[in-house]
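1. Fold the following.
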Amino acid sequence: MNKEKKKLTTRELPVSERPYEIMEEKGAGALTDAQLLAVIIRTGTTRESSVTLCTRMLAELDHFGQDPLIALSQMSLTAMKSIDGIGRVKALQISAALEIARRISSRSIARGRIKVSTRQLADLFMDRMRFSDRESAWVAYINARNELLDEQFLGYGTVANVLVDFRQIFKKGFDCGASRFVLLHSHPSGDPTPSIQDQYLTEELMRAGELLQMPMADHIVIGDRTYYSFKEQGEFDETGISH
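-> Numbering: from 1, shown residues only. Reported below is the predicted structural model:
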């Protein structure tokens, strides 16, 4: 009877390449992306160590024209499980780790009386939104002192257009006592250049805000590590948030 082949582990790597030892000696920041993932999934396959498996996986994802970790974060569980060597448990482990990273990023600016600038808002929502393969929209609510009061997820749309419910935006704003709001939405392509539809939506929301006495302070389009601010481009007056 043949014995079941043992999965390769990081212990079979040279000491200088073992992620656990590197973390203990130098900290997690010294690990490569593949080594970090190897720590998460723990074991490889009968053919590859966990580090080799993760290195290959990221190399395959690198062909999609995005940062491999970003491409990985956008994959569904089904797609992740289709990668050779990544089964149900490994896919769940990776997805859980990526979700923790997203939540930490989204909470980097705690909800409450914190003054924000355009750049801070863009940074706060960027890591939350730039990983999605669909357009998504959020609203940040601000008081007269540029303090962040609350936020609201509006939903997902198609790649070409995200559906925005004006009633939803203003109801939440009145409920939390906001004096202004900022609309943020993502472009999965990574290019934050506003489309004609984005410009039209901005104009409509500006008009609605004026009528309801809750001005729109800015519209920020989130790309991949970059953003476009209508205010920074001079398309909002002094009611907008600070740069």
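
2. What's the first helix or strand after whichever strand in the chain runs longest?
-> Counting residues, the longest strand in the chain under DSSP state E turns out to be strand 147-156. Proceeding N to C from strand 147-156, the next assigned helix or strand is helix 166-176, under DSSP states H and E.

3. Now do that following helix and strand 147-156, the angle between them.
-> Orientation note: helix 166-176 sits at an angle of 150 degrees relative to strand 147-156 (axes from the mean of the first three to the mean of the last three C-alpha atoms, to 10 degrees).

4. so what does the longest strand of the chain touch, helix or strand wise?
-> Applying 3 or more C-beta pairs under 8 Å, 6 or more residues apart in numbering; DSSP states H and E, one finds that strand 147-156 makes contact with strand 114-115, strand 136-142, helix 166-176. Yep, even glycine has a C-beta here, placed from its N, CA and C like the rest.

5. With just CA atoms, put that strand into CSV.
-> Listed next in CSV are the C-alpha coordinates belonging to strand 147-156 (Å, rounded to 0.1, in the frame of the first residue of the first chain):
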residue,chain,number,x,y,z
GLU,A,147,-14.8,67.0,10.6
LEU,A,148,-15.8,63.6,9.3
LEU,A,149,-19.2,62.7,10.9
ASP,A,150,-20.3,59.5,9.1
GLU,A,151,-20.1,57.5,5.9
GLN,A,152,-22.5,55.5,3.8
PHE,A,153,-22.1,52.7,1.2
LEU,A,154,-24.4,53.4,-1.7
GLY,A,155,-23.9,50.2,-3.6
TYR,A,156,-22.3,48.6,-6.7
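
6. Quick check: buried residues in that strand?
-> The neighbour-count check on strand 147-156 (16 or more other C-beta atoms under 10 Å) flags L148, L149, D150, E151, Q152, L154 as buried.

7. In this structure R88 contacts K81, no?
-> Yes. The pair R88 and K81 passes the contact test of C-beta atoms under 8 Å, sitting 6.1 Å apart.

8. need the contact list for I142.
-> For I142, the contacting residues are V116, L148, L149, A178, S179, R180, F181, V182, A217, I241, by C-beta atoms under 8 Å, 6 or more residues apart in numbering.
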